[in-house]
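Undergrad: sharing a model prediction with you, sequence too.
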Amino acid sequence: MGRALRTLLSWSGGKDCALALHELLASQDAQLAGLLTTVNESAARVSIHGSRIELVRQQAARLGLPLLEVALPDPCSNRAYEQLMGAALSQAAAEGVEAVAFGDISLRDVREYRETQLARLGLKAIFPIFGRATSEVAQAQIGLGIRAILTCVDQRRLPGHFAGRRFDASLLAELPLSVDPCGESGEFHTLVWDSPDFSDPLAVVPGPVVERGEFVFADLQLGREPHSADREASGSRP
């Protein structure tokens with residue numbers, strides 16, 4: 001058995017990276033050094049997912065892991081993204097990081113892109129949940145107690161009223177057959193408010209639901225009670 005690699009986990013705050021983290025913690029192949037997230041610097045929100053960065057910071061605190069934030073301009077070209085991410089990862093490598101892990105499940109082109117970019121920096125790419133059937137991944141997430149809420153929905157693929165719904169068995173049963181159960185093709189994105197790896201649940205309450213072009217965002221906010229998300233965002237929308 002090889003030596004455990006000092007590893008950063010790419011962290012959006014969603015359910016797939018939460019499952020990847022759970023797998024990494026059980027693995028002897030990786031030593032988690034922290035979480036890595038990209039932030040829209042003008043909005044102070046996680047790129048694509050739209051979650052407030054303070055929620056992700058609260059997640060990191062409950063995991064007991066440092067959070068490396070990479071600020072991105074809006075809009076951000078692919079060249080700018082690669083330059084900013086490359087600079088952040090080069091610094092991380094200089095401080096002893098050897099690998100970056102991702103919660104990708106089935107997109108081969110995305111995996112190959114990540115592997116190529118990291119290889120240029122002398123880093124290894126790790127994919128703890130890649131290659132599994134997404135239907136099985138979704139059931140595993142729910143069964144483990146990874147509790148998440150849909151924060152972003154692409155209306156071209158999924159009706160906007162799903163934004164703000166809890167990711168659970170009821171939601172899976174209602175998804176159109178054309179929608180991947182994990183949203184692997186970008187149909188939806190999530191924020192995890194509880195996980196078996198959190199020290200305690202994250203207190204969130206639903207804020208406004210906002211439509212921006214093809215996307216609908218559920219603006220989750222910090223609340224006072226840990227289980228407020230379970231009570232108020234547990235499928236109240238049709």
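TA: Looks like it arrived, so ask away.
Undergrad: now residue 4: how far from residue 191?
TA: Computed as CB to CB, to the nearest Å, the residue 4 to residue 191 distance reads 29 Å. Just so you know, the C-beta spots here come from the backbone N, C-alpha and C atoms, and that holds for glycine as well.
Undergrad: where does this structure dip in pLDDT?
TA: Low-confidence regions of the chain, defined here as pLDDT under 70, cover residues 1, 225-238.
Undergrad: what is the longest strand belonging to the chain packed up against?
TA: When every strand of the chain is counted residue by residue (DSSP state E), the longest turns out to be strand 30-40. Judged by 3 or more CB pairs under 8 Å, 6 or more residues apart in numbering; DSSP states H and E, the packing partners of strand 30-40 are strand 5-10, helix 15-26, strand 45-46, helix 53-63, strand 67-72, helix 78-94, strand 99-101.
Undergrad: domain parsing of this protein, as residue ranges.
TA: Structural domains of the chain, as assigned by automatic domain parsing, span the residue ranges 5-126, 134-232.
Undergrad: CSV for those domains, including mean neighbour count?
TA: Converted to CSV, these look like this (neighbours: other CB atoms under 10 Å):
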stretch, mean neighbour count
domain 5-126, 18
domain 134-232, 18
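Undergrad: nearest spatial neighbour of residue 120, chain-adjacent residues omitted?
TA: Of all residues beyond its chain neighbours, the one nearest residue 120 is residue 86 (7.7 Å), with distances taken as CB to CB, 6 or more residues apart in numbering.
Undergrad: any idea how far residue 122 is from the one you found?
TA: For residue 86 relative to residue 122 (CB to CB), the value is 12 Å.
Undergrad: tell me which residues touch the residue nearest to residue 120, please.
TA: Residues counted as contacts of residue 86 (CB atoms under 8 Å, 6 or more residues apart in numbering) are 117, 120-121.
Undergrad: cool, residue 46 as well?
TA: For residue 46, the contact set (CB under 8 Å, 6+ apart) comprises 12-13, 37-40, 52-53, 56.
Undergrad: same thing with residue 107?
TA: Residues touching residue 107, when contacts are defined by CB under 8 Å, 6+ apart, comprise 184-185.
Undergrad: distance of it from residue 22?
TA: Noted for residue 107: a distance of 21 Å to residue 22, by CB to CB.
Undergrad: and if you look at residue 214?
TA: Taking CB to CB as the measure, residue 214 falls 32 Å from residue 22.
Undergrad: with residue 222 instead?
TA: Distance check for residue 222 against residue 22: by CB to CB, it reads 24 Å.
Undergrad: also residue 42?
TA: Residue 42 sits at a distance of 32 Å from residue 22 (criterion: CB to CB).
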